[in-house]
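K.L.:
next one to model:
(one chain, ligands or ions: 1)
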Amino acid sequence: MKREMFPSDFLWGVATASYQIEGAYNEDGKGESIWDRFAHTPGKIKDGTTGDVACDHYHRYREDIALLKELGVNSYRFSVSWPRIFPCGKGEVNQKGLDFYNALVDELLKQGIKPLLTLYHWDLPQPLQFHGGWTNTDTVQAFLEYAMLLFKTLGDRVELWATFNEPWCISFLSHELGEHAPGIKDRRTALQVAHNVLVAHGKAVKAFRGKNLPGKIGIVLNLYPVHPLSESEQDKEAATLSDCYRNRWFLDPVFKGKYPEELLSVYQKLYGDFAKDYESIQVASEKMDFLGVNYYSREVVSYDPKSILKSKTVKVEGKRTDMDWEIYPQGIQEILVRINREYGPIDLYVTENGAAFKDEMKNGKIQDYERIDFLKEHFKNTYYAIQQGVPVKGYFVWSLMDNFEWAHGYSKRFGLFYVDYNDNLKRIPKESARWFKKFLNNEISLE
Ligand SMILES: N#[N+]C[C@@H]1[C@@H](O)[C@H](O)[C@@H](O)[C@@H]2O[C@H]12
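P.N.:
As a prediction, this is how the structure comes out:
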């Protein structure tokens, strides 16, 4: 199975995000983001680091685009730093911020690489957080102002637009579990955030349509197959509620304009006031052109009467990544086939898939054969979905290079290129980068 067996117009790319690679956190007029503040708060990041410098991509973007060219990808997914454009979140525009992304897009196009631009990959301008962040509908309006400016500035050259990256993380990981910025631990707040982000998504899609731009727009969701540990009715009930929490709380609004009833009823019993605005979620279902799927692993659950989801995650035997996630390649096929069956037809992009392993440099080489096996199996399972008629249009490896892995700092390496944080952030191709380049050049098969 070689690259040439995939559709001839299939996009092969890599993905990154602004806060994770750019650095220049307070340069050229950029405002503070919630991740700048969170990372500077002692105890929030496991290795005590920040994204202040990260991979210094802001200054090295031409070098990094040369790496893309060397790899042989035909597309590149990146995100725009909102506070680099609007330092206060709205109002005054930072022209140097716009200049950076104009130059980035122009260089990508010059090198024959199609941009996929994510408007929001978690770095909310801190001034908006002072006024409640995503709990405040004013932030929805500010997001629309930000999106409209980017549509106007880059809409003639960027063909693929994603409104939000992983709204599950924006809401539940960041406002219920508190593991990501702004580090709030309150489920009712998380539900309000999820609601406002989904509304902002729908409004941005509608605004995009109104600009009559040549491109396509969608959203990026992190999706997991959820499997019951056993076929017992209780474990199956646990899987249903966990699937609603993980997947359908976002899939159903953007495709069906409503929340999944099985979990909505649970939340309404807990938060009666939530009912007052949940019906407005219909706004989220503005028709999209594609869905971005971030796939990393599956979830196995068993019944837990103490949980409001009646479920707890179970760790099963099998190979795991350095994030302690199960390696489950068939899950990417399962998710793509399910989306097509239950929510399609719609073009799908695997907007992120990859893994962290304990990459070490030995004699100037990083022999990350586990990552090659991981990618090989996930490429194959993506192909199996295409063979079943699923309109998968592209695949983006997470990530181009090692970078700031959120609450894990620089302790987890996901890149195809090793970043030597002790030697001027030097980018060194791992064996997986060499393998990916050969695959893209039809030199090797996936067998
Ligand atoms: N963890 N992990 C790796 C990766 C993260 O670095 C990305 O920013 C997210 O979109 C998604 O969580 C996946």
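K.L.:
and the strands in this protein?
P.N.:
Along the chain, the segments classed as strands by DSSP state E run 11-15, 75-79, 114-120, 160-165, 216-222, 226-228, 290-294, 299-303, 311-313, 347-353, 392-398, 417-420, 426-429.
K.L.:
ok, now which ones touch the residue sitting nearest the centre point of the chain?
P.N.:
Closest residue to the average C-alpha location of the chain: Asn165 at 4.1 Å, with Cα atoms, centre = their mean. Shown in contact with Asn165 (Cβ atoms under 8 Å, 6 or more residues apart in numbering): Ala17, Ser79, Thr118, Tyr120, His121, Trp122, Val220, Asn294. Where C-beta positions appear, they are placed from N, C-alpha and C, glycine not excepted.
K.L.:
among those residues, which are within reach of the ligand?
P.N.:
Among these, proximity to the ligand is found for Ala17, Asn294 (Cβ under 6 Å from any ligand atom).
K.L.:
may I ask which of the contacts of Asn165 has the most neighbours?
P.N.:
Within the contacts of Asn165, Tyr120 tops the neighbour count with 29 neighbours, counted by other Cβ atoms under 10 Å.
K.L.:
hmm, back to that, which among the strands of the chain is found nearest to Glu63?
P.N.:
Closest approach to Glu63 among the strands of the chain (Cβ to Cβ): strand 426-429, 7.4 Å.
K.L.:
show me what the closest one is in contact with.
P.N.:
55, 63-64, 67, 361, 364, 366, 401, 416-420.
K.L.:
strand partners of that strand, parallel vs antiparallel please.
P.N.:
Strand pairing for strand 426-429, determined by DSSP bridges: strand 417-420 (antiparallel).
K.L.:
who's in contact with the partner strand?
P.N.:
Contacts for strand 417-420 (Cβ under 8 Å, 6+ apart): 55, 67, 359, 361, 366, 400-403, 413, 425-430, 433.
K.L.:
show me what from this protein comes close to the ligand.
P.N.:
Going by Cβ under 6 Å from any ligand atom, the residues of the chain near the ligand are Ala17, Gln20, Asn165, Glu166, Asn294, Met323, Glu352, Trp398, Glu405, Phe414.
K.L.:
check what pLDDT the nearest residue to the fourth one once chain neighbours are set aside gets.
P.N.:
Closest residue to Glu166 apart from its sequence neighbours, by Cβ to Cβ, 6 or more residues apart in numbering: Asn222 at 4.4 Å. At Asn222, the pLDDT value in this model is 98.
K.L.:
could we number from 59 for the rest of this?
P.N.:
Yep, numbering from 59; the last one is Asn280 now.
K.L.:
give me the neighbour count for Asn280.
P.N.:
Neighbours of Asn280 (other Cβ under 10 Å): 20.
K.L.:
which residues does the nearest residue to Phe201 once chain neighbours are set aside contact?
P.N.:
Among residues not flanking Phe201 along the chain, Ala258 sits closest, at 4.7 Å (Cβ to Cβ, 6+ apart). Neighbouring residues of Ala258 by Cβ under 8 Å, 6+ apart: Thr197, Val198, Phe201, Leu202, Thr221, Phe222.
K.L.:
so of the residues you listed, which two are at opposite extremes in space?
P.N.:
Greatest spacing in these, by Cβ to Cβ: Thr197 and Thr221 (13.7 Å).
K.L.:
so for these two, which residue has more residues nearby?
P.N.:
Thr221 (27 against 23).
K.L.:
verify the stated contact: the more buried one with Ala265.
P.N.:
No - counting by Cβ atoms under 8 Å, Thr221 stays clear of Ala265, with 10.1 Å between them.
K.L.:
next, show the common contact partners of these two.
P.N.:
Common neighbours of Thr221 and Ala265 (Cβ under 8 Å, 6+ apart) are Ala205.
K.L.:
looking at this structure, which helix or strand does the model trust least?
P.N.:
Within the chain, no helix or strand scores below helix 333-336, which has a mean of 65 by mean pLDDT, DSSP states H and E.
K.L.:
where does the chain have low pLDDT?
P.N.:
333-336 (pLDDT under 70).
K.L.:
for it, longest helix please?
P.N.:
Determined from DSSP state H, the single longest helix within the chain is helix 245-268.
K.L.:
which ones are touching Glu121?
P.N.:
Taking Cβ under 8 Å, 6+ apart as the test, what Glu121 contacts is Arg485.
K.L.:
how near is it to the ligand?
P.N.:
Plainly put, Glu121 is 21 Å away from the ligand if you go by Cβ to the nearest ligand atom, to the nearest Å.
K.L.:
so what's Tyr83 closest to, chain neighbours aside?
P.N.:
Nearest non-adjacent residue to Tyr83, counting by Cβ to Cβ, 6+ apart: Asp110, 4.6 Å away.
K.L.:
distance of the residue nearest to Lys261 when sequence neighbours are not counted from Asp122?
P.N.:
Counting by Cβ to Cβ, 6+ apart, Leu202 is the residue found nearest to Lys261 once chain neighbours are left out, at 5.6 Å. As judged by Cβ to Cβ, to the nearest Å, Leu202 and Asp122 stand 30 Å apart.
K.L.:
so those two - more neighbours on which side?
P.N.:
Asp122 (23 against 16).
K.L.:
returning to what we had before: and the two most separated of the contacts of Asn223?
P.N.:
Greatest spacing in the contacts of Asn223, by Cβ to Cβ: Tyr178 and Asn352 (14.0 Å).
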